[in-house]
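Chemist: Take a look and give me a structure for this.
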Amino acid sequence: MEKLKIEMRKQLQEMKEQQISTKNYNFQNHKFDGNINKIHPKVFVQIIINKVKHNKNNIEDIKETIRENLEKDALVWFCGKDHEIENIQDFENLFLKQFWGEYAQNSVREKLYFGKFNYNLSNSLNLYALRLYAIAKHLTPAMEESDIVLYISRHFKAEVAENLAIHNIKTMDQLSNYLNRIERNMNTTQRSNFPIPYQHTKPKH
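Modeler: Residues are numbered from 1 along each chain as shown. Take a look at the predicted model:
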């Protein structure tokens with residue numbers, strides 16, 4: 001029995017490592033185009049650092065790796081700045097100043113503090129919250145998770161925000177689970193409100 005438990009734990013660990021590896025692979029092959037909603041600048045910088053960590057001394061190779069992972073507005077920006085970059089630290093500083101500087105962070109704060117979820121767009125409540133949290137957690141100075149969750153909860157209808165407060169929801173995991181339950185209930189209600197199609201049946205003779 002003990003051997004079986006050890007083997008099961010080993011298999012579970014291998015599955016987790018495989019999932020992490022797959023996620024990293026997909027993430028690292030995603031080019032940055034300047035849109036922080038697709039991939040956060042700080043996350044992208046770390047991806048580049050990991051890619052060039054075995055070749056830190058060759059600046060031309062580093063620049064080529066950066067170019068291969070940028071596109072659209074971000075690539076245009078880099079082409080105008082590459083002459084200022086002598087090492088990976090220079091790139092990190094310039095890149096974050098451009099794409100995660102004061103203006104970008106103030107825009108995120110404004111959306112976090114005053115934004116509202118648009119129910120007319122039929123977006124997922126949970127996906128909306130997760131995307132906003134993924135950006136807001138990188139704000140400087142850092143905000144407490146409970147504060148970010150509180151602000152996000154105010155983006156939804158008043159009764160949702162009140163229920164979140166009543167249930168003392170303070171973590172993103174708790175918020176995500178709660179919003180998923182709301183979505184399931186909404187979908188069930190919508191399906192139950194659909195009229196049953198009329199089916200004409202021929203009279204029996």
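Chemist: gap between the two ends of stretch 55-62?
Modeler: 7 Å (CA to CA, to the nearest Å).
Chemist: again but with stretch 130-143, I slipped
Modeler: End to end - CA to CA - stretch 130-143 spans 16 Å.
Chemist: Find the nearest non-adjacent residue to residue 37, please.
Modeler: residue 131 (6.5 Å; CB to CB, 6 or more residues apart in numbering). (C-beta placed from N, C-alpha, C; glycine too.)
Chemist: and the one you found, how many neighbours?
Modeler: Using other CB atoms under 10 Å, the number of residues around residue 131 comes to 14.
Chemist: ok, it to residue 108 distance?
Modeler: 11 Å (CB to CB, to the nearest Å).
Chemist: Now the phi/psi pair for the residue nearest to residue 37, please.
Modeler: Per-residue torsions, residue 131: phi -70, psi -40 (degrees, to the nearest 10).
Chemist: right, and it touches residue 36 too?
Modeler: No - using CB atoms under 8 Å as the test, residue 131 is too far from residue 36 to be in contact (10.4 Å).
Chemist: and residue 138, which of the three is it?
Modeler: In the three-state summary, residue 138 is assigned as coil, counting by DSSP: H, G, I helix; E, B strand; the rest coil.
Chemist: Now it. Nearest residue, chain neighbours left out?
Modeler: residue 42 (5.2 Å).
Chemist: which secondary structure elements does the helix or strand containing that neighbour contact?
Modeler: Using DSSP states H and E, residue 42 maps to helix 41-52. Here helix 41-52 touches helix 2-28, helix 59-68, helix 88-99, going by 3 or more CB pairs under 8 Å, 6 or more residues apart in numbering; DSSP states H and E.
Chemist: go with 6 Å
Modeler: helix 59-68, helix 88-99 (3 or more CB pairs under 6 Å, 6 or more residues apart in numbering; DSSP states H and E).
Chemist: now the shortest one against helix 88-99, angle please.
Modeler: Put plainly, it is helix 59-68. For helix 59-68 against helix 88-99, the angle by axes from the mean of the first three to the mean of the last three CA atoms, to 10 degrees is 30 degrees.
Chemist: List the buried residues for helix 59-68?
Modeler: By neighbour count on 16 or more other CB atoms under 10 Å, the buried set for helix 59-68 is 59, 62, 63, 65, 66.
Chemist: got CSV for these, with pLDDT too?
Modeler: Shown next, in CSV, are these (pLDDT from 0 to 100):
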residue, pLDDT
59, 94
62, 95
63, 96
65, 95
66, 97
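Chemist: rewinding a little: quick one: residues in contact with the helix holding residue 42.
Modeler: If you take CB atoms under 6 Å, 6 or more residues apart in numbering as the criterion, helix 41-52 is touched by 28, 32, 62, 65, 92, 95, 96, 99, 100, 138.
Chemist: Can you give me the pLDDT of the last one?
Modeler: What the model reports for residue 138 is a pLDDT of 97.
Chemist: Residue 32 and residue 72 touch, don't they?
Modeler: No - using CB atoms under 6 Å, residue 32 makes no contact with residue 72, being 9.0 Å away.
Chemist: and these two? which has more neighbours close in?
Modeler: More crowded of residue 32 and residue 72, by other CB under 10 Å: residue 32, with 26 against 12.
Chemist: hey, what's the more buried one bridged with?
Modeler: residue 70 (DSSP bridges).
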